[in-house]
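S.K.: Here is the input, now give the coordinates:
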Amino acid sequence: MCGIVGIFGLEGVSAPELRLADMMRAMDHRGPDAEGQFIAENLVLGHKRLSIIDVQEASNQPFISSDGRYVLVFNGEIYNYKEIRSQLNDFDFRTNSDTEVLLAAWIKWGQKSLQLFNGMFAFAIWDKAEEKLVLVRDRLGIKPLYFAQVNQQLIFGSELRSLLASDLVPRKLNQHALREYLQYQTVHAPNTMVSNVNMLMPGTYIEVSDNMVKHVDYWKPWQNEHFDSDPIKVQKKIREKLTTAVERRLVSDVPFGAFLSGGIDSSLIVGIMAERLGKNVDTFNVSFDESEFSEAKYARQIAEKFKTNHHEIKLTPSDFLEALPDALNAIDHPSGDGPNSWVVSRETKRQGITMALSGLGGDELFAGYEVFRQIPMIAEKGWILSFPKALRKVGGKLLELKSPGMHSMKQAELLMADYFDLENLYPVFRKVLMNGQIDALVASSQNEKPNAIKSQLKELDRYNGFQQLPTLSRISIAEMYSYMQNVLLRDTDQMSMAHALEVRVPFLDHELVEYMMHVNDQIKYPTTPKKLLIDSFADLLPDNVVNRPKMGFVLPWDHWMRNELKDFCEEKLISLSEIGILEESAVAELWQQFLSSDPKVSWSRIWPLVVLSTWIKTNRIEA
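M.R.: Below is the predicted model:
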């Protein structure tokens, strides 16, 4: 796990070595163990290393092939590197690293080698003979890779701040992405909050030469078909594939552990780890005084069952307030859901752990969110669309009057849809602020653009096979390409790597994902959320964990923002108003609505504004 940076096209670029050094310095936190540079006539590459596999100096990067033709900078892990290495008997290996296996596979098979890699990765390979640079991102978007084309240069890096540190990329706010951020607490790849900076899409690579930039898709979640109609067989396959995914992610030459919330997903991961390792696992849980939010007792029960070395991180508002500035400053790209991960990552690292497993992805794969129930239910009520839109609009207004709040506002918007299909329904469910609220905040109508998630679903529709997938699988893909990749995974990466901690996510093993895309809806969701996953490991989890209410990893933000964090939030909101990108009166009104407990404005509608304000100031972003 590391950080990578580079500049391709040095004509007219002054002091490229110094710019590269600045880019690397901006992400020192990602790789405290070693660093390296490669300087060529038209290219500079940099690498910061966090050593996980083969910690010897010989595995440091940039990694250069023995003949000097290829140069690799690589962030991530290839979990099946030993299997791939066994197919490369004609290669003279100098190390025991997955880095060298990746390069050897690329030399032998080129882009076809991507189909062999099981892992999380973002890497760049320079081919000196062809004078071609290739940038690659893993299938699920677990590891980030940002790039910008400025004049004749292509600048790339693992973090936005590394690109900004080059002084080749203007620190300019992407005004066209502002509405999207307000709407969804994030900006969806390939766009970012910085003008002219993109994120490489998951499952894609780009080839760059002096006269060409070519984008290529190499994977989609549904590309390998598996149609099992027998529920018992499906359960057996899921158990086999998830167990294998966990086993693959236990390969490490440094101390490791697991996040344990006490929910189904993290508990399963810990249970499998305990079974396979045959020794005590280090587990980590965040708890706090507000007991109705705390899952600590469930985590303790799992820890006792599997005899883990359990670390409970007790958090008070004063502790959190003290840590909050550092957590916010660690945010590389703004989103509304980061400090939770920052705190647990910090405490995990303090215990001497360098790698941790997480249950992230279980809800997306196994229909754990309410949206998996609601969309099919609404789709069955297509007869509502036979009523004139004017009448449906009145119905929506009545719903809002009867039960004010975000839920009724979303219902009112759904009633105005042209069709009750995924493209029209799903984008509404993930909204943080509604169109009317955003219109009040953003004065200029020129910032309006097509809905980002809706556009993404339209793009997916053009691929063969997507429309033929079961309904719940298409919802899974919508979740993966929106909230999971652009909030959960992005925050997990930036907040864990702020402490040089690697986080691995077994539920996002691509073989398990591919299999789940072809499980029919009746097997996946026979009665309750994630029942298929629970039944697949029926002997592993206690009933009180399986049957308890779903909570999710949420800190008591509502209470804190009205009390201990009130002054802090007000200061940030005032600062945001002074920047001039949002209407001052609208920001103030939104804040007062929250303080007066208006059901239309919960804490999660305010917090992304606090984050945005801090991020703009920290990174000196110009409006």
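S.K.: gap between stretch 453-466 and the chain center?
M.R.: Mean C-alpha position of stretch 453-466 versus that of the full chain (Cα atoms, centre = their mean, to the nearest Å) differs by 20 Å.
S.K.: go on, stretch 515-527?
M.R.: With Cα atoms, centre = their mean as the basis, stretch 515-527 stands 24 Å off its chain's centre.
S.K.: That one: end-to-end distance?
M.R.: 21 Å (Cα to Cα, to the nearest Å).
S.K.: Can you give me the buried ones in that stretch?
M.R.: Buried residues in stretch 515-527, defined by neighbour count with 16 or more other Cβ atoms under 10 Å: 515, 516, 517, 518, 519, 520, 523, 524, 525. Where C-beta positions appear, they are placed from N, C-alpha and C, glycine not excepted.
S.K.: Also stretch 451-466?
M.R.: For stretch 451-466, the neighbour count (16+ other Cβ under 10 Å) marks 451, 452, 453, 456, 457, 460, 466 as buried.
S.K.: ok, back up a step: with pLDDT and secondary structure as extra columns, can I get the buried residues of stretch 515-527 in JSON lines?
M.R.: Output for the buried residues of stretch 515-527, formatted as JSON lines (pLDDT from 0 to 100; DSSP: H, G, I helix; E, B strand; the rest coil):
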{"residue": "515", "pLDDT": "96", "secondary structure": "helix"}
{"residue": "516", "pLDDT": "96", "secondary structure": "helix"}
{"residue": "517", "pLDDT": "96", "secondary structure": "coil"}
{"residue": "518", "pLDDT": "94", "secondary structure": "coil"}
{"residue": "519", "pLDDT": "95", "secondary structure": "coil"}
{"residue": "520", "pLDDT": "94", "secondary structure": "coil"}
{"residue": "523", "pLDDT": "95", "secondary structure": "helix"}
{"residue": "524", "pLDDT": "94", "secondary structure": "helix"}
{"residue": "525", "pLDDT": "93", "secondary structure": "coil"}
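S.K.: for this structure, longest helix please?
M.R.: Secondary structure of the chain read by DSSP state H shows that its longest helix is helix 231-248.
S.K.: quick one: contacts of that helix?
M.R.: With contact meaning Cβ atoms under 8 Å, 6 or more residues apart in numbering, helix 231-248 is reached by 79-80, 118, 226, 228, 268-269, 272-273, 276, 357, 506-507, 509, 511-512, 515-516, 519, 523, 526, 532-533, 535-537.
S.K.: can you pull the buried residues of that helix?
M.R.: Those would be 231, 234-235, 237-239, 241-248, for helix 231-248 by 16+ other Cβ under 10 Å.
S.K.: ditto for stretch 381-393
M.R.: Per 16+ other Cβ under 10 Å, stretch 381-393 contains these buried residues: residue 392.
S.K.: shaky segments in the stretch 1-150 of the chain?
M.R.: 1, 53-55, 57-59 (pLDDT under 70).
S.K.: give me that answer again for 90
M.R.: 1-2, 12, 31-35, 49-61 (pLDDT under 90).
S.K.: ditto for the stretch 451-600 of the chain
M.R.: In the stretch 451-600 of the chain (pLDDT under 90), the answer is 461-465, 526-528, 541-560, 564-565, 577-580.
S.K.: pLDDT at residue 358, what is it?
M.R.: Listed pLDDT for residue 358 reads 96.
S.K.: Can you give me the neighbour number for it?
M.R.: 25 (other Cβ atoms under 10 Å).
S.K.: repeat for residue 300
M.R.: Neighbours of residue 300 using other Cβ under 10 Å come to 18.
S.K.: What are the contacting residues of stretch 29-36?
M.R.: 1-3, 24, 46-51, 55, 57, 60-62, 75, 158-159, 330, 497-500.
S.K.: Recalculate using a threshold of 7 Å.
M.R.: 2-3, 24, 47-51, 60-62, 158, 497-498, 500 (Cβ atoms under 7 Å, 6 or more residues apart in numbering).
S.K.: So which of those residues belong to helices?
M.R.: Per DSSP H, the contacts of stretch 29-36 map to helices at 24, 497.
S.K.: out of the contacts of stretch 29-36, which one sits closest to residue 84?
M.R.: residue 61 (18.2 Å; Cβ to Cβ).
S.K.: List the residues that contact residue 257.
M.R.: Contacts of residue 257 (Cβ under 7 Å, 6+ apart): 281, 282, 283, 284, 348, 353, 356.
S.K.: mind running it again at 10 Å?
M.R.: Counting by Cβ atoms under 10 Å, 6 or more residues apart in numbering, residue 257 touches 270, 273, 281-284, 308-311, 348, 351-357, 501.
S.K.: Ok, residue 87 next?
M.R.: If you count contacts by Cβ under 10 Å, 6+ apart, then residue 87 has 101, 104, 105, 108, 109, 116 around it.
S.K.: tell me which of those residues is nearest to residue 336?
M.R.: Taking the contacts of residue 87 together and measuring to residue 336 by Cβ to Cβ, the closest member is residue 116, at 36.7 Å.
S.K.: mind giving me the domain ranges of the protein?
M.R.: Taking automatic domain parsing as the criterion, the chain consists of the domains 2-217, 231-367+478-553, 371-465, 558-618.
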